[in-house]
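1. attaching a predicted model along with its sequence, questions to come.
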Amino acid sequence: MLHGSLWDKIILFALPFMASSVLQQLFNATDTAVVGRFASSQAMAAVGSNASVIALIIGLFTGMAMGTNVVVARRIGQGRDQDIHDAAVTSMALAILGGFFLIIVGAVVSRPLLILMGTPDDVLEQAVLYLRLFMLGMPFNMVYNFGSAVLRSKGDSRRPLYALMVSGIFNVALNLLFVIVFRWGVAGVAIATGLANVVSATIILILLSREEERFRVTLRGLYIRKTPLLDILRIGIPAGLQGMVFSFSNIILQSAINSFGSAAVAGSAAAQNFEFISYFIINSFTQAAVTFTSQNYGAGDLKRCREVFKWAILFGTGISMCADVAFVLCRYQLIGFFATDPEVIHYAVTRMTTVLLFGWIANSYEVVGGALRGLGYSMLPTILAIIGSCLFRIAWVFTLFRQTGTFESLIIVYPVTWALTGTMMVTAYLIVRRRLARQNVTGSGPAGKGNGSDGRQTEQ
């Protein structure tokens, strides 16, 4: 990451990450497809209506995983081997503790939160059951995500993909068994997902236990060090808060979607599968921007950080745009995998043509925010995202949507807020980049900014 050409390395890093994320979403989509085809549209709505709730509950710890990526990658660039090991082990201990905490949270808030969202009565009980069973697998989900972040921080995005492929195939097989053969419905897909999380976490732990000493993590060797923990929290909490607030605004939107009935919930859930795939394409280049920028900024190479940004935004925009257009062109065939009810199909197709066609715009704040976090600015993109997307979406629901009351007027808020947030994020990035360039000229840049007597950088 620190030497030679960048465009090919970014592609080689991003493609396995993209494949693993998209593959994970395809496996998750089987939950929706299997219950939609072999159970009922209400079961499909129960699974789909939980997406924003799950994102809200686990959002903070997902941000912590990004913090792990930044902190470990920064120390790699600085050549601090013992600090790398401390950060890796601390992050895994944090993952396990966080996972068990999420089990408790899921059990307590699942029903009140789904009721507050206005989940349709014919969906509520199945939605509560799915969410509670799903949350039981959170310790394993966290282990996979944090362990993958450690591996990706050193450029290894392939082995997390292999782990996910194995667990995903296991997930699909169990989905078919539990739903079609055992007739367990939403409980079956939730249990299948939890068991698949066990498989992926086990593989990641085996891989980390066989790493070289500075990256090696074993369950018996877990501990928490104050300095790497604070560094991970400093980067991870703002990123996690952004995800949580995003999810909160999406819960408000989901509540509005719920008002159209279970057909709208099911159709929206089907369309969201393709929005998630588009997002994961973007997120792969966001992670590339975070990791490459963190290492090169740690090494004091601002010019190379600018090159990372250029290639990440170019590839992310181009590839996600191609995917969005392809999905919309094939919308009826794709939705046919999930539903046969004409009303469900109508809502799904409406969402795809209104929202998905413009999904590539999200690069303007996702990739740019990743570059800012790689430079150590984690709170700034969080604040901008909260203002541009979250608060604006909530205001939209309670003003313009209430006046019109149509499904189209509700979901158009997504591309509108993507464009607004992206404009602010790009402006902020250019200002930060000029500021760092001036500091570098005066001798207080990456190599010396925030240094203590031991020559270590402080994250902002």
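-> Received the coordinates, thanks. Numbers count the residues shown, from 1 in each chain.
2. so which residues of the chain form strands?
-> Ranges of strands in the chain, per DSSP state E: none exist.
3. so where's it shaky on pLDDT?
-> 1, 28, 441-460 (pLDDT under 70).
4. got the contact list for Ser5?
-> Applying CB atoms under 8 Å, 6 or more residues apart in numbering to Ser5 gives no contacts. (Each C-beta comes from the backbone N, C-alpha and C, glycine too.)
5. could you shift the numbering so residue one becomes 32, and keep it that way?
-> With 32 as the first residue, the last one maps to Ser36.
6. that one and Trp342, how far apart?
-> Distance, Ser36 to Trp342, by CB to CB, to the nearest Å: 10 Å.
7. cool, and Arg424?
-> According to CB to CB, Arg424 and Trp342 sit 30 Å apart.
8. ditto for Ala223
-> Distance of Ala223 to Trp342, given as CB to CB: 38 Å.
9. neighbour-wise, which of those two wins?
-> Neighbours were counted for Ala223 and for Trp342 using other CB atoms under 10 Å; Ala223 has more, 27 against 21.
10. show me what contacts that one?
-> Counting by CB under 8 Å, 6+ apart, Ala223 has contacts Asp62, Asn202, Leu205, Asn206, Leu208, Phe209.
11. what of Ser198?
-> If you count contacts by CB under 8 Å, 6+ apart, Ser198 has them with Ala227, Asn228, Val230, Ser231, Ile234.
12. was I right about the first one contacting Leu205?
-> Yes: taking CB atoms under 8 Å as the definition, Ala227 is a contact partner of Leu205 at 7.1 Å.
13. show me which of these two is the more surrounded one.
-> Ala227 (28 against 20).
14. for that one, which non-adjacent residue is closest in space?
-> Asn202 (3.6 Å; CB to CB, 6 or more residues apart in numbering).
15. try Ser71
-> Gly216 (8.0 Å).
16. that neighbour: neighbouring residues, count only.
-> Neighbours of Gly216 using other CB under 10 Å come to 22.
17. residues in contact with it?
-> Contacts of Gly216 by CB under 8 Å, 6+ apart are Val66, Ala70, Ser71, Ala74, Gln157, Val210.
18. from the residues you listed, which two are the most distant?
-> Within the contacts of Gly216, Gln157 and Val210 form the most distant pair, 12.6 Å apart (CB to CB).
19. what about stretch 428-438, distance to the chain center?
-> 28 Å (CA atoms, centre = their mean, to the nearest Å).
20. which residues does it contact?
-> Contacts for stretch 428-438 (CB under 8 Å, 6+ apart): Ile283, Leu284, Ala287, Ile288, Phe291, Ala295, Tyr378, Thr381, Ser440, Leu441, Val444.
21. now do the contacts for the third one.
-> Taking CB under 8 Å, 6+ apart, we find Ala287 in contact with Val428, Phe432, Leu441.
22. redo the residues you listed as TSV? Include neighbour count.
-> Output for these, formatted as TSV (neighbours: other CB atoms under 10 Å):
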residue	neighbour count
Val428	17
Phe432	21
Leu441	25
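23. dump the residues you listed to CSV, plus distance to Gly186.
-> What follows is the contacts of Ala287, written out as CSV (distance: CB to CB, whole Å):
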residue, distance to Gly186
Val428, 42
Phe432, 44
Leu441, 42
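24. narrow those residues to those in helices?
-> Those of these mapping onto helices are Val428, Phe432, Leu441, per DSSP state H.
25. and these, which is closest to Ile392?
-> If you rank those by distance to Ile392 using CB to CB, Leu441 comes first, at 18.0 Å.
26. any figure for the gap between the closest residue to the closest one other than its chain neighbours and His116?
-> Closest residue to Leu441 apart from its sequence neighbours, by CB to CB, 6+ apart: Phe432 at 4.9 Å. Note on Phe432: its distance to His116, by CB to CB, is 51 Å.
27. same deal with Tyr175?
-> Counting by CB to CB, the gap between Tyr175 and His116 amounts to 20 Å.
28. between the contacts of Gly216, which is nearest Ala468?
-> Among the contacts of Gly216, and counting by CB to CB, the member closest to Ala468 is Val66, at 53.2 Å.
29. count of neighbours near the closest residue to that closest one other than its chain neighbours?
-> Among residues not flanking Val66 along the chain, Ala74 sits closest, at 4.1 Å (CB to CB, 6+ apart). Other residues near Ala74 come to 26 when the count uses other CB under 10 Å.
30. do the same with the one 5 residues further on
-> Neighbour count for Gly79, taken as other CB under 10 Å: 29.
31. quick one, what contacts it?
-> Gly79 neighbours (CB under 8 Å, 6+ apart): Thr63, Val296, Ala297, Ser299, Ala300, Ala301, Gln303.
32. how about the helices in the stretch 332-481 of the chain?
-> For the stretch 332-481 of the chain, applying DSSP state H, counting those that start in this stretch gives helices covering 333-360, 362-366, 373-385, 394-405, 410-416, 423-429, 431-435, 438-442, 444-472.
33. for the fourth one, packing partners?
-> Contact analysis of helix 394-405 by 3 or more CB pairs under 8 Å, 6 or more residues apart in numbering; DSSP states H and E lists helix 82-109, helix 257-289, helix 293-329, helix 333-360, helix 410-416, helix 444-472 as its packing neighbours.
34. swap in the fifth one?
-> Counting contacts by 3+ CB pairs under 8 Å, 6+ apart, helix 410-416 is packed against helix 257-289, helix 394-405, helix 444-472.
35. list the buried residues of the first one.
-> Of the residues in helix 257-289, 259-260, 262-289 count as buried by neighbour count, 16 or more other CB atoms under 10 Å.
36. sorry, back to before: out of the helices and strands packed on helix 394-405, which comes closest to Gly186?
-> Using CB to CB as the measure, helix 293-329 is the one of the helices and strands packed on helix 394-405 that comes nearest Gly186, at 7.3 Å.
37. the residue lying closest to Phe389 once chain neighbours are set aside: neighbour count?
-> With CB to CB, 6+ apart as the criterion, Phe389 has its nearest non-adjacent residue at 3.8 Å, and that residue is Pro446. Look at Pro446: counted by other CB under 10 Å, it has 18 neighbours.
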